[in-house]
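Undergrad: based on what follows, work out the 3D shape:
(one chain, ligands or ions: 1)
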Amino acid sequence: MENNIEDADICVVGGSISGNYLCYLLSKKKIKKKIVVIEEHEEIGLPFQCAGIISKKLNQLIELPNDIVLNRVQVAKIVAPSGKFIRLSGKEQPYIIDRIALDRLFYDKIKKKDNISFYIGEKFKSFKYIKEKQQKLILIETTKRKLKVKMLIGCDGPLSSVGKLLGVRNENLFAAQIRINHSFDQNEAVMFFDPRWKELFGWIVPEGNNIFRIGLASSKKVSIKFKIFLKKLGIDINKIIDQQGGIIPYGVMNKSAFDNVLLLGDSAGQVKATTGGGIVMLLTAAKHAASCIQKCFTINNYSRKIVKKYYEKPCLATIGRQLKIHYLIRLVFERFSNEDFENLFRIIKTSNIEHLISLHGDMDFPKSMIIKLLKNFLVLKFLFRFLRKNLSLVIEIVKILKYLK
Ligand SMILES: Cc1cc2nc3c(=O)[nH]c(=O)nc-3n(C[C@H](O)[C@H](O)[C@H](O)COP(=O)(O)OP(=O)(O)OC[C@H]3O[C@@H](n4cnc5c(N)ncnc54)[C@H](O)[C@@H]3O)c2cc1C
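TA: Purely as a prediction, here's the structure:
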């Protein structure tokens, strides 16, 4: 039996953006450990499941090759259920990226490294803790082999099997998206709010070359709602180029540190509840993960205490707090009536707030903009009235704020 077990130092489950980027970061560290990546799909980057809109922070986090950027948008248009809208333009100008190429970017950089092996078309099934010479290790079973490692990294997305085995379950939204040739504005990303898909919104993202990614996410009945949305936009379903589906975690960051294990990316719920965007968050978290893994191997200690200290806590202090703010904003929007949207849009249009958002708006880290907005008397009055109508929300907000150090 022992002879059939492969040895490695680290097993990464999931060869998508978080798994590949983490391995790339590890390949740059001094520690040269044997890493095995398990990816269930036959091709890295597929299936394509993303709207691919990422803030300009992407360029600060990674060296971004030009050919991955398909377009940049100057305007974010936010449409209320009534059809009224506001347009925000400012410094942000997010990238529209080729998501398949982004997943492959880091894979291509590391696939030939001696110490990194990709087991593609192979599925992680389970793991259990074992003890060897007084040390806690991980015994993994995949569809093709058994593996013994010191650390297991769950980069296996919103339905993470690694997470499930540790009792972590994400609350998820379901998304549908098409790509189509159209004459919408190529400089504008549009978000359509509607009580029928209140957990997120419908979107139009201009990919460039007159191709648009049109999608919607919701907690249930997404295909029916998507048809309604496409009809509202006057889209002829027979003219689409292709279509995608996908799952988006919803809420705040989950527990991510365990004995010998850490969760990264969607598996840890590192996704903004306001937009469903996860890439900036997971790239930030991956840097903490790589440092933590290096630390664990340097001191030969893989305990939850160490993983928590060097991974989960730094994550909570950087992206975790911001993810809570995204969630608070989402909870408020979810309860908005059509009238609330109208009132808020009127305030934004008439009191120079459009300018404030444009100037200080940050797609990823909204805390400082929210503080600035709350200094505006009209916004405060609006919020006060809204919360008076939604007292149960106040209790939820207080609970979340209590943990928002
Ligand atoms: C429709 C849609 C639109 C989105 N739009 C945006 C956007 O515009 N901007 C943005 O920033 N984010 C967006 N996101 C979110 C973004 O795509 C995710 O945050 C990101 O893909 C998470 O990366 P990940 O590597 O953690 O997980 P994933 O990309 O989900 O990758 C998980 C990997 O693990 C593999 N895997 C899973 N289980 C197993 C197993 N048991 N064994 C082996 N392999 C396994 C999967 O095959 C997959 O390759 C969107 C998501 C969806 C669904």
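
Undergrad: now for residue 34: which residues touch it?
TA: The neighbourhood of residue 34, defined by Cβ atoms under 8 Å, 6 or more residues apart in numbering, consists of 7, 8, 9, 10, 115, 117. Bear in mind the C-beta positions are built from the backbone N, C-alpha and C, glycine included.

Undergrad: what sits closest to residue 244 if chain neighbours are left out?
TA: residue 177 (4.5 Å; Cβ to Cβ, 6 or more residues apart in numbering).

Undergrad: if we can go back for a sec, just the contacts of residue 34 now: which is nearest residue 28?
TA: Taking Cβ to Cβ as the measure, residue 28 lies nearest residue 115 of the contacts of residue 34, at 12.3 Å.

Undergrad: does the closest one touch residue 35 like I think?
TA: Yes - here residue 115 reaches residue 35: they are 6.2 Å apart, a contact under Cβ atoms under 8 Å.

Undergrad: neighbour count for these two, which is higher?
TA: Neighbour tally, residue 115 and residue 35, criterion other Cβ atoms under 10 Å: the higher count belongs to residue 35, 25 against 17.

Undergrad: could you give the bridge partners of that one?
TA: Going by DSSP bridges, residue 35 is paired in beta bridges with residue 10, residue 116.

Undergrad: my read: it touches residue 19, true?
TA: No - with contact defined as Cβ under 8 Å, residue 35 does not count as touching residue 19 (10.0 Å).

Undergrad: so what sits against both of these two?
TA: By Cβ under 8 Å, 6+ apart, the residues touching both residue 35 and residue 19 are residue 12.

Undergrad: what parts of the stretch 51-200 of the chain come near the ligand?
TA: Applying Cβ under 6 Å from any ligand atom, we find that the stretch 51-200 of the chain lies next to the ligand at 51, 52, 53, 54, 123, 124, 155, 156, 157, 161, 175, 177.

Undergrad: can I get the longest helix along the chain in CSV? Just the C-alpha atoms.
TA: Counting residues, the longest helix found in the chain (DSSP state H) is helix 279-299. Output in CSV follows, covering the C-alpha atoms of helix 279-299 (Å, rounded to 0.1, in the frame of the first residue of the first chain):
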residue,chain,number,x,y,z
ILE,A,279,-9.8,38.4,-8.9
VAL,A,280,-8.2,41.4,-7.1
MET,A,281,-9.1,39.8,-3.8
LEU,A,282,-7.6,36.4,-4.5
LEU,A,283,-4.4,37.9,-6.0
THR,A,284,-4.0,39.9,-2.8
ALA,A,285,-4.7,36.8,-0.6
ALA,A,286,-2.4,34.6,-2.7
LYS,A,287,0.6,36.9,-1.7
HIS,A,288,-0.3,36.2,2.0
ALA,A,289,-0.7,32.5,1.3
ALA,A,290,2.7,32.2,-0.4
SER,A,291,4.4,34.0,2.6
CYS,A,292,2.5,31.8,5.0
ILE,A,293,3.5,28.6,3.2
GLN,A,294,7.1,29.7,3.2
LYS,A,295,6.9,30.4,6.9
CYS,A,296,5.4,27.0,7.6
PHE,A,297,8.2,25.1,5.8
THR,A,298,10.9,27.3,7.3
ILE,A,299,9.8,26.6,10.9
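
Undergrad: name the helices or strands packed onto that helix?
TA: helix 17-28, helix 58-61, strand 151-154, strand 261-263, helix 304-307, helix 313-315 (3 or more Cβ pairs under 8 Å, 6 or more residues apart in numbering; DSSP states H and E).

Undergrad: what's downstream of the lowest-mean-pLDDT helix or strand in the chain, the next helix or strand?
TA: Within the chain, no helix or strand scores below helix 353-360, which has a mean of 67 by mean pLDDT, DSSP states H and E. The element immediately downstream of helix 353-360 (helix or strand, assigned by DSSP states H and E) is helix 367-374.

Undergrad: okay, buried residues for that following helix please.
TA: Neighbour counts over helix 367-374 (16 or more other Cβ atoms under 10 Å) mark 369, 373 as buried.

Undergrad: what about the helix or strand following it, distance to the chain center?
TA: Proceeding N to C from helix 367-374, the next assigned helix or strand is helix 377-389, under DSSP H and E. Helix 377-389 sits 30 Å away from the centroid of its parent chain (Cα atoms, centre = their mean, to the nearest Å).

Undergrad: quick one: the helices in the stretch 201-350 of the chain, in order.
TA: 222-233, 279-299, 304-307, 313-315, 321-334, 338-350 (DSSP state H, counting those that start in this stretch).

Undergrad: do the first one and the ligand meet?
TA: It refers to helix 222-233. No - if you take Cβ under 6 Å from any ligand atom as the test, helix 222-233 misses the ligand, and the best it gets is 10.1 Å.

Undergrad: now do the fourth one
TA: No - taking Cβ under 6 Å from any ligand atom as the criterion, helix 313-315 and the ligand are apart, separated by no less than 13.3 Å.

Undergrad: if you count contacts, what does that helix end up packed against?
TA: helix 279-299.

Undergrad: would you mark the buried spots in the helix it packs on?
TA: 279-290, 292-297.

Undergrad: list the contacts of residue 18.
TA: 155, 264, 265, 266, 267, 282, 285, 286.

Undergrad: the second one contacts residue 253, correct?
TA: No - judged on Cβ under 8 Å, residue 264 makes no contact with residue 253 at a distance of 10.9 Å.

Undergrad: in the sheet, which residues pair with residue 247? Tell me.
TA: residue 174.

Undergrad: pLDDT score for it?
TA: You'll see residue 247 listed with a pLDDT of 96.

Undergrad: OK, contacts around it?
TA: 157, 158, 159, 172, 173, 174, 175.

Undergrad: now swap in residue 84 and tell me
TA: 341, 342, 345 are the contacts of residue 84 under Cβ under 8 Å, 6+ apart.
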